[in-house]
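**Q** Below: sequence and its predicted model.
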Amino acid sequence: MEGSNVRDILGWRVRRGLEIWQPEIAALPASVVCGFSGRQGGVSKGAYTSLNLGLHVGDQEEHVVENRRRFCEALDIDLEGWVAAEQVHGNDVAVVGRKDRGRGAFSRVTALPAVDGLVTKEAGVWLTCYYADCVPLIFWDTRGRAVGIAHAGWRGTLAQVGMRVVEAMVETFCLGPKDIHVLVGPAIGSCCYSVGEELAVLFEEKFGEKPLIRKEGRIHLDLKAANRESLVRGGIPPGQVYLSKLCTSCLPGVFFSHRRDKSPTGRMAAVIGLREH
Ligand SMILES: [Zn+2]
């Protein structure tokens, strides 16, 4: 079990037979439920072996739904309250609530269309995003009264979808950026992500040199660092941005990786919500 040896701000746990990753952060309020899935312990076959949580990648629907049920059980939440969007690598954000429970849980057609960020202050609404190298971001406020989630691939990172989520939380829930904490989850690391000059220039223009590592004639992009830079520039205190070191491409037994596995492959999910009392 590769995951059991990894030291990170996300701790590897086995819950009800499933391997999951959860933050080991003292600042996480007791009202917040969150977790990141791995790839073990599901029923999907072939390229989707075995805990594929994405309905949009060609896997059998009943397998995906069963996998989602297992992940929900491990987190002690109900799939009926899962809320997901049809992700489009953009930066639009939707405010959701209990009326949206179940959207995208059992079928793609009910997902929120064309958004990559979700926020809520209502309990029992499990915000979800899917990824397999892209960066999942989860957000909560210090008092544990509001949460958010974002899906940020390179396009979403450039479009600063994370800051759009912060802005939505600030405007909708009367918070300041200083009240918000952000965890940048497992994603492709700079170790495995070399990019062309054209993309590097776009990142440099927006975020400076920090997310770029130039060595041996190649340019490596650190998407997690770019997201961190965007959030800190936007007013999130640096001590409230938590970066997971987990690289989806480096751990083939633990995570799916779109870049490593090529298409088709499965998707992990990130989930965050407020516990029902
Ligand atoms: Zn790597």
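**A** Structure received. Because the structure is a prediction, the values reported are computed rather than measured.

**Q** Would you mind pulling the contact partners of the longest helix anywhere in the chain?
**A** When the chain is parsed with DSSP state H, its longest helix is helix 61-75. The contact list for helix 61-75, computed with Cβ atoms under 8 Å, 6 or more residues apart in numbering, reads 15-18, 20, 33-35, 37, 41-45, 48, 50-55, 78-79, 82, 105-107, 126, 269, 271. Placement of C-beta: from N, CA and C, glycine included.

**Q** C-terminal to it, what's the next element?
**A** strand 82-84 (DSSP states H and E).

**Q** before we move on, back to that, and the longest helix of the chain, what's buried?
**A** Across helix 61-75, burial judged by 16 or more other Cβ atoms under 10 Å covers 63-65, 67-72, 74-75.

**Q** Check stretch 44-52 too.
**A** Neighbour-count burial for stretch 44-52 [16+ other Cβ under 10 Å]: 44, 47-48, 50-52.

**Q** Starting from the strand or helix carrying I20, tell me which strands it pairs with and how they run.
**A** I20 is part of strand 18-23, with elements assigned from DSSP H and E. Taking DSSP bridges as the criterion, strand 18-23 forms sheet pairs with strand 10-15 (antiparallel), strand 32-37 (antiparallel).

**Q** Can you tell me which of the ones you listed is most buried?
**A** strand 32-37 (a mean of 24; mean count of other Cβ atoms under 10 Å).

**Q** How about residues contacting that strand?
**A** So strand 32-37 is contacted by 10, 18, 20-23, 28, 51, 53, 71, 74-77, 126, 136, 138, 140, 144, 147, 183, 185-186, 268-275 (Cβ under 8 Å, 6+ apart).

**Q** mean confidence for it?
**A** The predicted model assigns strand 32-37 a mean pLDDT of 98.

**Q** now the angle between helix 61-75 and that strand, please.
**A** 130 degrees (axes from the mean of the first three to the mean of the last three Cα atoms, to 10 degrees).

**Q** how about the CA coordinates for strand 32-37, as PDB?
**A** The C-alpha coordinates for strand 32-37 follow below in PDB (Å, rounded to 0.1, in the frame of the first residue of the first chain):
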ATOM      1  CA  VAL A  32     -16.400  20.500   8.200                       C
ATOM      2  CA  VAL A  33     -16.400  17.100   6.500                       C
ATOM      3  CA  CYS A  34     -13.900  16.700   3.700                       C
ATOM      4  CA  GLY A  35     -11.800  14.100   1.900                       C
ATOM      5  CA  PHE A  36     -10.000  13.000  -1.200                       C
ATOM      6  CA  SER A  37     -10.500   9.600  -2.900                       C
END
